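Visitor: Have a look at this fold, sequence not included:
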């Protein structure tokens, strides 16, 4: 049912658009996220890429090109962290692939081997403007696995993938505790184990690079990934809510000279100076995340505070274990917008700033010539409860049209 | 930003300024707000007067006299709405039935509510003034629910409501579908679930008849049975059944049971209401719905939809809303109306659903749910339109007492979050005294 429906929608879009990846989008207000918003703006997309952006008076729409129009146009939303596609909406054992509990440290687990592009929640978040997701292994183990970046379309994981291995996901805090007496049993042990693994990877890398072939250690998928983290090829995405866990993450980053991206960070407002000094970006917990357990002190205003402090910051839909099975970036950004971040701040945190934290700032997150033709269209202020996302375009193809709910 | 408010300021205004425990002796007049009375059209520039816990005047500013002795509040640009009625919540860390049996009508949430829980402050911050606090849905019948007014008070007795006979106001919680299907003695199928409920209600009918036949003769009266007494109240319509139900067929099962035994029913959650809105309306049964950001999370909520409100309204059924806190956050309860309107519900019925329709479902419409002279002075002052994401609850009033003020440092902490927001109200007093507000935000 779903595959057929999705295919049909895509084909209709192709048929009416003429060539694949070609479309013109006109908005009464266009938030390009690269300069001031345009009044009566036009975005021309050709072959999946943005060709021109400007006021309608200056940018002529070539004849024959399909035109979509809306009150407000933004870049397609970039969800800076989710588990959609690995964690399915049914919430049954067979569709929950975001966490593997057999061992506390498994960086070798690839997100591409678990992502279901036809998961219903992919289509669900897409209809609310999300065109790119940073998804993969979730919080809940000291190192749970890899993450990836996908576009919210494509019948295969290969077609959906933008970056197959984006970050290595780690957790410091209560949810990383081992089950039934298994390590790590407490916070100090978590950090000791994490340091131990990184040191093992350092020594492994040295030996692998040694000239004597006979002394070379057997290849380890686990250590290979940690070596990539040590080399700075991928950041360690550390989910940490308590201030002390955030500081532990910064301490490890400093000891090993690795890139860290903080995730969740409910108490980040207590240690803003330390985060800023470390130059570490923060993917803030969903604004409406439940304020319980380790996140009992979360604030609707954390995103605004981090932005004001000059800390690179993005918003996310996060992970949900029950109902709702996923949050929706548009709704989380809306509540952040209303709590100090403002419309443009919240838009930045769910488009260009998210793209930059994912290392994709040159390709995604703003409406500029040469970037991917990913757009979201709305019939009003994108964040108002009563506004609808009325159109979504991915690389020039219309993947959603009509009311979102 | 970190608040760097000097401790002296805090000491003067927060710690040493207790809230009034009783409503004002002088009237309070709110002048210039847009009034949304729910009963009657909106009043763009109104006067709203409360006195001794009741609403004493409401009308257009040009035509409504402000009493000479009233404390006058200029609220131009603000919006005043009746206090929100949350028809299904679990604030106060409530407990109900235990694992011993699938139906436990003897159990009262009354005996478990922690009114000092920060969840209560957060609900006040969300503009909720009346709430149906319920036990969970893991039982066919998990206990007696309690209708609370979110007054300030350190004891449960300060928050309860009583009817004319002095009876505590509350309903009973029932559930069908998958949550209550568990290992024995719980049912394993839907049919068994319904059979167990029917069996208990038949027993209750017999108990009721025995009591009636005894006509006060102590020798003929059956032994007192707490569970049966509660179920007799259900059969007599004195105790409304709040029925957790998701799937379209389970919804109809709940209606079927209510018809068989004549109990009064409020459907709760009603995830697939959009499929059976017609039969729900035809049965005259009200629905309390919840706005969930995505489908799934459990098998029964695969097809929950934002358009439930619109579908029920169109079919002519009564619609209220609930938070099911902690499923959704009480501080963001107003969002329910906005999302319902997004999916096609009328503004008028969505706002009624947040207030008066909910009050009707709890048999409290004579006291709360609309801004009407003589009703309880339960209302919220909003910074703007109730359907806008940018609107904040500025003040919440219950029985003429302000229980939430966004300007108050402690109240704001509960409204927005920050360091200490997970702690009970009482703890914060000491925390402010010891540390000031530094580091909270």
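Guide: Nice, I can see it. As the structure is a computational prediction, the values presented were derived from the model and not from experiment. Residues are numbered from 1 along each chain as shown, chains lettered A, B, ... in the order given.

Visitor: average pLDDT for the helix or strand where residue A:123 lies?
Guide: Per DSSP states H and E, residue A:123 falls inside helix A:120-126. Averaging pLDDT along helix A:120-126 yields 98.

Visitor: Check which helices and strands it sits against.
Guide: Secondary-structure packing of helix A:120-126 (3 or more C-beta pairs under 8 Å, 6 or more residues apart in numbering or on different chains; DSSP states H and E): helix A:2-17. No exception for glycine: its C-beta is placed from N, CA and C like everyone else's.

Visitor: which residue ranges form the helices in the stretch 1-150 of chain B?
Guide: B:7-10, B:118-125 (DSSP state H, counting those that start in this stretch).

Visitor: Which of those helices has the lowest mean pLDDT?
Guide: helix B:7-10 has the lowest average pLDDT among the helices of the stretch 1-150 of chain B, namely a mean of 36.

Visitor: that older thread, who touches the helix holding residue A:123?
Guide: Here helix A:120-126 makes contact (C-beta atoms under 8 Å, 6 or more residues apart in numbering or on different chains) with A:2, A:6, A:79, A:82, A:84-85, A:87-89, A:116, A:133, A:152-153, A:317, A:325-326, A:328-329, A:392, A:399-400, B:294-296.

Visitor: So how do I select the buried members of those in ChimeraX?
Guide: One line in ChimeraX is enough to select the buried ones among the contacts of helix A:120-126; burial here means 16 or more other C-beta atoms under 10 Å in any protein chain shown:
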select /A:6,79,82,84,85,87,88,89,116,133,152,153,317,325,326,328,329,392,399,400 /B:294,295,296
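
Visitor: How is chain A divided into domains?
Guide: A:2-74+A:366-401, A:78-357 (automatic domain parsing).

Visitor: which one of those domains is the most hemmed in?
Guide: domain A:78-357 (a mean of 21; mean count of other C-beta atoms under 10 Å in any protein chain shown).

Visitor: how far does that domain sit from the chain's center?
Guide: Centroid separation between domain A:78-357 and its chain, computed with C-alpha atoms, centre = their mean, to the nearest Å, is 9 Å.

Visitor: Please measure how far the first residue of it sits from its last one.
Guide: Terminal residues of domain A:78-357 lie 11 Å apart, using C-alpha to C-alpha, to the nearest Å.

Visitor: Residue B:134 and residue B:90, how far apart?
Guide: 7 Å (C-beta to C-beta, to the nearest Å).

Visitor: Same question for residue B:416.
Guide: 22 Å.

Visitor: again, but for residue B:195
Guide: On the measure of C-beta to C-beta, residue B:195 and residue B:90 end up 28 Å apart.

Visitor: Please identify which of those two sits among more neighbours.
Guide: More crowded of residue B:195 and residue B:90, by other C-beta atoms under 10 Å in any protein chain shown: residue B:90, with 21 against 12.

Visitor: List the contacts of the more buried one.
Guide: B:133-134, B:136, B:324-326.

Visitor: so where's the stretch 1-150 of chain B uncertain?
Guide: Scanning the stretch 1-150 of chain B for pLDDT under 70 picks out B:1-24.

Visitor: what are the ranges of the strands in it?
Guide: B:28-31, B:34-35, B:46-51, B:54-60, B:71-74, B:79-82, B:84-89, B:128-133, B:141-144, B:146-149 (DSSP state E, counting those that start in this stretch).

Visitor: Quick one: closest of the ones you listed to chain A.
Guide: When those are compared by C-beta to the nearest C-beta, strand B:84-89 sits nearest chain A, at 13.6 Å.

Visitor: Any residue of that closest one touching chain A?
Guide: No: using C-beta under 8 Å from any C-beta of the partner chain, strand B:84-89 never reaches chain A; the gap is at least 13.6 Å.

Visitor: Sticking with residue A:246, tell me its helix or strand.
Guide: Going by DSSP H and E, residue A:246 is part of helix A:243-256.

Visitor: Packing partners of that helix?
Guide: helix A:187-209, strand A:236-240, strand A:260-264, helix A:272-278.

Visitor: Helix, strand, or coil at the residue located most distally from the centre of chain B?
Guide: Ranked by distance from the centre of chain B (C-alpha atoms, centre = their mean), the top residue is residue B:219, with 42.3 Å. Of the three states, residue B:219 takes coil under DSSP: H, G, I helix; E, B strand; the rest coil.

Visitor: Next, find the distance separating it from residue B:206.
Guide: 18 Å.

Visitor: Likewise for residue A:52?
Guide: Counting by C-beta to C-beta, the gap from residue A:52 to residue B:206 is 80 Å.

Visitor: before we move on, which element is residue B:254 in?
Guide: Here residue B:254 is assigned to helix B:248-261, by DSSP H and E.

Visitor: helices or strands next to that helix in the packing?
Guide: Against helix B:248-261 (3+ C-beta pairs under 8 Å, 6+ apart) you get helix B:190-214, strand B:241-245, strand B:265-269, helix B:277-282.

Visitor: Buried ones in that helix, by neighbour count?
Guide: B:248, B:250-255, B:257-258, B:261.

Visitor: Please render the residues you listed as TSV that adds pLDDT to the earlier fields.
Guide: TSV is the format used below for the buried residues of helix B:248-261 (pLDDT from 0 to 100):
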residue	pLDDT
B:248	98
B:250	98
B:251	98
B:252	98
B:253	98
B:254	98
B:255	98
B:257	98
B:258	98
B:261	98
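
Visitor: Quick check: of these, which lies closest to chain A?
Guide: The closest of the buried residues of helix B:248-261, once distances to chain A are taken by C-beta to the nearest C-beta, is residue B:250, at 16.0 Å.

Visitor: contacting residues around that closest one?
Guide: B:176-177, B:190, B:300.

Visitor: what secondary structure does the closest residue to residue B:384 other than its chain neighbours sit in?
Guide: Spatially, and ignoring its direct neighbours in sequence, residue B:384 is nearest to residue B:391 (4.2 Å; C-beta to C-beta, 6 or more residues apart in numbering or on different chains). Using three-state DSSP, the structure places residue B:391 in coil.

Visitor: Please look at residue B:391 and residue B:381 and confirm they touch.
Guide: No: checked against C-beta atoms under 8 Å, the pair residue B:391 and residue B:381 is beyond contact range at 10.8 Å.

Visitor: how near is the residue farthest from the centre of chain B to chain A?
Guide: 53 Å (C-beta to the nearest C-beta, to the nearest Å).

Visitor: Next, format the helices and strands packed on helix B:248-261 as JSON lines and append distance to residue A:168 and mean pLDDT.
Guide: Shown next, in JSON lines, are those (distance: least, C-beta to C-beta, whole Å; pLDDT from 0 to 100):
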{"stretch": "helix B:190-214", "distance to residue A:168": "45", "mean pLDDT": "98"}
{"stretch": "strand B:241-245", "distance to residue A:168": "41", "mean pLDDT": "98"}
{"stretch": "strand B:265-269", "distance to residue A:168": "39", "mean pLDDT": "98"}
{"stretch": "helix B:277-282", "distance to residue A:168": "48", "mean pLDDT": "98"}
